[in-house]
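Chemist: Dropping the sequence and predicted coords here.
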Amino acid sequence: MKKRVLNRSRIRMIQGGFAFIPHRFLSDGFVKRLGPGELLLYLFLILVADACGLSYYGNPAICRFLGMNRCQLEHYRQILIDEDLIVFEAPLYQVLELPVGPVKKVVAADSVPSSSSSSPSSFSDLIDSLGD
């Protein structure tokens with residue numbers, strides 16, 4: 001099938017900010033290795049990061065935006081670190097260039113810490129929370 005632009009007046013461009021997810025995140029299987037909480041945190045960090053991948057959002061603000069508690073944040077963050085997708089040195093997060101391939105899974109993505117506060121389960125929930 002030959003590709004063609006469907007709406008030339010609405011071609012996506014990066015303006016005023018920087019957010020980028022390489023296609024390899026999907027095609028090389030990274031996305032399949034993460035549960036909803038890890039995906040939500042990863043997407044948030046990508047959206048708020050600068051061109052070097054750095055985010056200056058503190059843990060309390062991230063928890064507020066994503067509707068999760070500190071224990072959940074720490075759990076999801078550790079999975080992203082184990083997957084070699086981010087590094088964290090308080091208070092900085094850095095989204096890394098994707099590794100050559102997914103690393104061997106150490107932590108199960110579906111083991112989510114229990115909480116009285118549920119975290120958003122969809123990207124639309126994340127986008128809604130960013131508008132608050």
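Modeler: Thanks, I have the structure now. Numbering: from 1, shown residues only.

Chemist: alpha carbons only for contacts and neighbour counts from here, please
Modeler: Noted.

Chemist: Val103 versus Gly29, what's the distance?
Modeler: Separation of Gly29 from Val103 (C-alpha to C-alpha, to the nearest Å): 11 Å.

Chemist: Show me where the chain has its helices.
Modeler: With DSSP state H as the criterion, the chain has helices at 24-27, 36-48, 59-66, 70-82, 123-130.

Chemist: closest one to Pro99 among these?
Modeler: Closest approach to Pro99 among the helices of the chain (C-alpha to C-alpha): helix 24-27, 9.9 Å.

Chemist: what about Phe44, neighbour count?
Modeler: By the measure other C-alpha atoms under 10 Å, the count of residues near Phe44 is 20.

Chemist: mind listing what the most centrally placed residue in the chain touches?
Modeler: Nearest to the mean C-alpha position of the chain, counting by C-alpha atoms, centre = their mean, stands Tyr42 at 1.2 Å. By C-alpha atoms under 8 Å, 6 or more residues apart in numbering, the contact set of Tyr42 is 80, 95.

Chemist: right, and Arg70 touches Arg64 too?
Modeler: No: the criterion here is C-alpha atoms under 8 Å, and Arg70 misses it with Arg64 at 9.8 Å.

Chemist: count of neighbours near Ile86?
Modeler: Neighbours around Ile86, by other C-alpha under 10 Å: 21.

Chemist: Quick check: pLDDT value at the nearest residue to it once chain neighbours are set aside.
Modeler: Nearest in space to Ile86, with sequence neighbours left out and distances taken as C-alpha to C-alpha, 6 or more residues apart in numbering, is Val95 at 4.5 Å. Looking at Val95, its pLDDT is 95.
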